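Peer 1: Provided below are the primary sequence and the corresponding predicted coordinates.
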Amino acid sequence: MTKEAQIEELFIKKLEDLKYTYRRDIHDKNSLEKNFREKFEALNRVKLTENEFERLKTDIITSDVFAASKMLRERNYFQREDGTPLNYTLVNIKDWCKNEYEVINQLRINTGNSNQRYDVIILINGIPVVQVELKTLEISPRKAMQQIIDYKNDPGNGYTNSLLCFMQLFIVSNRTNTYYFANNRNQHFSFNADEQFLPVYQFADEDNKKITHLDSFAEKFLPKCTLGEMISKYMVLVESEQKLLVMRPYQIYAVKAIVNCIHQNRGNGYIWHTTGSGKTLTSFKASTLLKDNPDIEKCLFVVDRKDLDRQTREEFNKFQEGSVEENTNTETLVRRLLSTDYADKVIVTTIQKLGLALDGNNKKKYKERLESLSKKRIVFIFDECHRSQFGDNHKAIKEFFPNAQLFGFTGTPIFEENATQNSREGEYASYKTTKDVFEKELHAYTITNAIDDRNVLRFHVDYFEGKGNIKPKPGEAITQQAVVEAIIDKHDAATNTRRFNAVLATASINNAIEYYDLFKEVQKQKLKTDKDFIPLNITCVFSPPAEGNKDIQQIQEDLEQEKEDNKQNPDEKKAALKRIIKDYNKQYGTNHNINEFDLYYQDVQKRIKDHKYSNSDYPHKNKIDIVIVVDMLLTGFDSKYLNTLYVDKNLKYHGLIQAFSRTNRVLNDTKPYGNILDFRRQESAVNEAIALFSGEKSDEDAKKIWLVDPAPVVIAKFKKAVADLNVFMAENNLVCAPEEVYNLKGDAARIAFVKNFKEIQKLKTQLDQYTDLDEEQRAQIENILPEDTLRSFRSSYIETAKKYREIQQKEGDQAPEEIQQLDFEFVLFASALIDYDYIMELIAENTQKKPSKQRMTKHQVISLLSSSSNLMDEQEDLTEYINSLDWNIGHDVNSLREGYDTFKTEKSEKELADIAGKYGLSVSELKDFTDKIIGRMIFDGEKLTDLLEPLELSWKERRIKELALMADLVPYLKKQAQGREISGLAAYE
C-alpha cells in the first residue's frame, strides 16, 4: 500500500469519526447520480420519472461554477411532465446541519477524454461540494492551487459536465500541511502572467494559531455543521465579479463575536483587525447576518468622510448587488432610517450625516422625526472607529439610542499612549481610548499576525542620512531640494524600475505645492543634461478651500492639517490646485476642474490602482509615478501597485502605521516588502508604533517580524546562495558559468539548479529595492555576482525552467514527483525595463552606429532578450528576426516594428500552410477557422467538425484526425492569443 493510500484511509476514518457516512459503493458517474437522485427526491418529497430526472440534470449541470453556486443556495423552479410546478432546493438551505453528509473516494468520471480519479469528495445531500487531494510530496500554497488548476484543465474533466460543477471548496494536504481555497471560474482561478497573490488559506484558531495537520484541520473545519455553516454563511458570492470568496478564519471569528454579542445583548465591542486584512468584507458579512435578526431594527455601517462612504458602499454592493443605496444627503438618511423596507435595514452612512440627523438644533427637525426609533435596538458598526465618533457624536448616539449596540473596526486602536486631544478637534470631550468607547475587544488580528500569514508585507525603512557631516535631528526637516534629488536618485530602485508607484507625504499644503513646483523644475534641468533621463509623472492632491461646499467640507472632516491650512491664504491654494489640475489634464488627456474636485481625486486613485508593471499593458504616459499628499490617501486607500512612501512630515503611532500600511499590500515576489524612505529620521517613533500595535510581548520580536533584515544580512545571504551554486556546479564537475548549465546531466541536477538559482534571484530582487545601499555595498553585490553573469544565468534558468514547465503541463500527475513539485515563479525573472519597445529601440540605436561605436552586438541583444521571462512567448520569433537583420545597416524603430510584423505574419502563414498540407485541408478554410477562434477567443467544436467534413471520414477516422490536427493547432492558437485564454480550448491542450 502506498503512503498516499494510507493517508486517504486514515482521513476517511477521521471523517467517519465525525459521523460522515462512508459510501464505498459510489465510485463512478452513474452511482454518484443515483445517490443524488435518492437524496433529492427525499428532500423535496417527490418521485421523478426517468425523463424528469434527465431534464433536471440538464437544468442544473452547468459549466459556470458561479451559476451553480447560486443554485446550490437558492430555491429553484422545475416544471414537471404533467405541467405542475416543482419549487425545489438541492440541499436543506434553511438548516444545513440537517443535510446528509457522506464521503466517497477514488471517484472516476469516465469520459471520452479523461479517466481522472478524485481522491476524496464530501457530499452534502448527494451534491459534491468539497474535494480533498492528498499528496505525499511537499506542497507550497501555489503548487496546491496549480495542481487543482491542472485537474480542471484536464480534457473531459467533470467540473463542467457532471455534478462536480457544484464543487465549492478544495482542500490539499500532505497530512502535515493543509491548505484550502474556493472553487472559481477560470479567470479567478489561474496563474496569470503576473503570478498575482492567490487566495490560498491555512486554517487557524481564534488566537490565530495555525491548524495545519490534516487530523486537527478535520476536527476544527470539517464537523458536519461547521462545514455546512462555512459554505452557507462564510462564503461570499461577489456578484459584480462573478467570483466565490471564502472568508479567512479571523474574519469568521470576528463576525461570530459580533453576532453573539448582539444575540446575548452584551453591550459594545471592537474588532482589532490590521489594515489590509479585509475589514469591509467582515463588516459586510456581520451586517447581512443581522439583516435576518428580527430583534434588530436597523444596522448602520458608519464611515468617515465622503470618499470612504462611496468606497464602502461600492464594496458592499460588489459583494451583493443593491445591498446598500447611496445617501445623498441627511434627509435621505432620515427617510431610510424610518423606512420599514427590508432593503433599508442595512444602511451605509457617514458619521457627519448621522451627527446632523441627531442635532437637536437643526431647523429640519430630523431628531424629532426619528423619535419613534429612539427605544429600538439599533446596531452601529464603525469603520476605523477612532476619530470623529469620539466625543460629541458618540455621546449623541448613546443618549438618543439608549438600547443601541456599538461595534468598531480598527487596524490601529487608540490606547492610553496614543490618545490625544487636539485643539482643532473640538468635538473630543476628553482623552478617549477605543476601549473607553467600545468597552471590550472582541477579536484581534494584528499586523504581526497578517505578516506571518503573508496577508500583508513587511517594511523596509530607510532613515535618510543626507550628505555631509552635519546630520539633522530626528523630526527635523531637511531642504526640499535635497529631498527631491534623493527621490529622483532612488525612485527606480525603490519601485523596482517603476514597476510600482509611490506617495510623498508632506507636512502642509504649502509644502506640497512647493514640492510639486520643485519636481517640475529639477526634472526640466535634468532633461537638459541627461538625454537618457525619463521624467517621473508627478501629481499632487489636497482638498481645496471649502467655501461653503458641503462635499468638500465632508471630505475635510478627517483631514485636520488640510482643513487648518486652507484657512490661511485660501486664494493662493485654490490657484495652485487649479494649476496642478491643468497640468494633470494635459498629461493624461482628462478634463477635470476644481469645482468637481472629487472626480479628479477619484481619477488619481484609479490611476494608482491601474498602474500594472508592463508598459505594453498600460503605457507609462498613463501612469502616476509619485503623488504628493498632505493628509489624503494616507488612510483607507489600497493599491497592490503602491510600494513606496516618501515621508517628509512627522508621524506618530496610529498615523504612522496607517501611512506605512499604504505600501504593504501583497502582489507577487517582485514586491517583497513595503518601502519607506523617511526624510525626518523618525526611528524612535517607528519603534514606539511597532511596540504599541504589534500585539507582541517583546518589542525586539515585533521588530524582527515587521521589518526586513538590514542590507548587510541580505548581502550575506546572497553571497552564501551564490557560493552554494559554485559548490553545486563543482560537484557536477563544471565551472560556475551560465553556459555550463546546459552541460548538467539528468533531471536531478537541473532541478537542483532551478531551485538554487531561483533563491539567488529572489535575494537579488530584494536587494535591488533597498534604497539605503552605499557605494561599497553596491560594489560588494556586483563582485559577488556581476550583472552580466547574472543576466546570462537568468537566460539559462528560463530555458531550463521552460522545459520542465512543458513536462508539468503535458504529463500532470504522471510527471516525476520532483518535477511536479517545481514552482518556477517566472515573474521574478520578468523585467519591467526589458520589453518589446525597449528591444526595438536598442536594435535601432546600435545598428545606426559604426561597429566601433556600438554599445551592444547582435548576440548581446539576444542574450538580454532571453534573460527576461516577460518576453518568453515572443523570444523564439524575436530571436529569429534579430538574427535575420543586417547589423551594419541602420534601422529606425518604425521600420523595425513593421519588419517584425511582416516577419511574424509570413512565419504564421507558412506554419498554417504546413499544417493544412499535412492534413489535406484548404489553407484559406483553415485560416478562416483559426481567425474566427482568435477573433472571438472561443473554440467551437462544431466548426472543427465542419472543417473536416470535406475529407469524408468515418466517425472513428475523424476523431483520430481531429486529435492529431488539434495537437498541431493548439500551440499555434496559443501563440496567436498572446497569453489570453481561449474558452473551450483546454479540452485539447
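Peer 2: Thanks, I have the structure now.

Peer 1: Now for residue 671: which residues touch it?
Peer 2: Residues counted as contacts of residue 671 (C-beta atoms under 8 Å, 6 or more residues apart in numbering) are 457, 496, 499, 500, 640, 643. (C-beta placed from N, C-alpha, C; glycine too.)

Peer 1: hmm, I was thinking of residue 868
Peer 2: 794, 829, 830, 831, 834, 835.

Peer 1: circling back: looking at the contacts of residue 671, which is nearest residue 658?
Peer 2: residue 457 (15.5 Å; C-beta to C-beta).

Peer 1: Just the element for residue 461, please.
Peer 2: strand 459-463 (DSSP states H and E).

Peer 1: same question, residue 839
Peer 2: In this assignment (DSSP H and E), residue 839 forms part of helix 836-847.

Peer 1: What is that helix packed up against?
Peer 2: Packing partners of helix 836-847 (3 or more C-beta pairs under 8 Å, 6 or more residues apart in numbering; DSSP states H and E): helix 858-866, helix 875-884, helix 893-919.

Peer 1: sorry, back to before: list just the nearest of the contacts of residue 868 to residue 411.
Peer 2: The closest of the contacts of residue 868 to residue 411 turns out to be residue 830 (C-beta to C-beta; 31.7 Å).

Peer 1: Tell me how many other residues surround the nearest residue to that closest one once chain neighbours are set aside.
Peer 2: Excluding the flanking residues, the one nearest residue 830 by C-beta to C-beta, 6 or more residues apart in numbering is residue 870, at 3.9 Å. Residue 870 has 22 neighbours, counted by other C-beta atoms under 10 Å.

Peer 1: So which residues make contact with the strand holding residue 461?
Peer 2: Under C-beta under 8 Å, 6+ apart, the answer for strand 459-463 is 660, 663-664, 673-678, 681-683, 686, 706-708, 769-772.

Peer 1: Any regions of the stretch 751-900 of the chain where pLDDT drops low?
Peer 2: Low-confidence segments of the stretch 751-900 of the chain, defined by pLDDT under 70, span residues 831-833, 849-855.

Peer 1: one more time with 90, if that's ok
Peer 2: 788, 791, 795-796, 798-799, 801-900 (pLDDT under 90).

Peer 1: list the buried ones in the helix or strand that contains residue 778?
Peer 2: Using DSSP H and E, residue 778 sits in helix 775-784. Across helix 775-784, burial judged by 16 or more other C-beta atoms under 10 Å covers 777, 780, 781, 784.

Peer 1: Repeat that for stretch 562-573.
Peer 2: Buried-residue list, stretch 562-573, by 16+ other C-beta under 10 Å: 562, 563, 565, 566, 573.

Peer 1: same thing with stretch 942-953?
Peer 2: Per 16+ other C-beta under 10 Å, stretch 942-953 contains these buried residues: 944, 947, 948.

Peer 1: now, which of those lie within helices?
Peer 2: 944, 947, 948 (DSSP state H).

Peer 1: Pick out whichever of these sits closest to residue 371.
Peer 2: Distances from residue 371 to those, taken by C-beta to C-beta, are shortest for residue 944, at 71.4 Å.

Peer 1: where in the stretch 201-350 of the chain is pLDDT low?
Peer 2: Within the stretch 201-350 of the chain, the stretches with pLDDT under 90 are 201, 236-243, 245, 263, 265, 274-295, 300-334, 336, 340-350.

Peer 1: Roughly how far does residue 65 sit from residue 461?
Peer 2: Look at residue 65 and residue 461: by C-beta to C-beta, to the nearest Å, they are 43 Å apart.

Peer 1: who's more crowded, the two?
Peer 2: When neighbours are counted by other C-beta under 10 Å, residue 65 and residue 461 differ, and residue 65 comes out ahead with 26 against 21.

Peer 1: coming back round to it: tell me which strands and helices whichever helix or strand comes after the helix holding residue 778 is in contact with?
Peer 2: Of the helices and strands lying after helix 775-784 in sequence (DSSP H and E), the nearest is helix 787-811. On a contact count with 3+ C-beta pairs under 8 Å, 6+ apart, helix 787-811 meets helix 746-768, helix 817-820, helix 858-866.

Peer 1: Could you dump those into TSV with mean neighbour count and distance to residue 39 added?
Peer 2: Output for the helices and strands packed on helix 787-811, formatted as TSV (neighbours: other C-beta atoms under 10 Å; distance: least, C-beta to C-beta, whole Å):
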stretch	mean neighbour count	distance to residue 39
helix 746-768	18	47
helix 817-820	16	36
helix 858-866	18	57
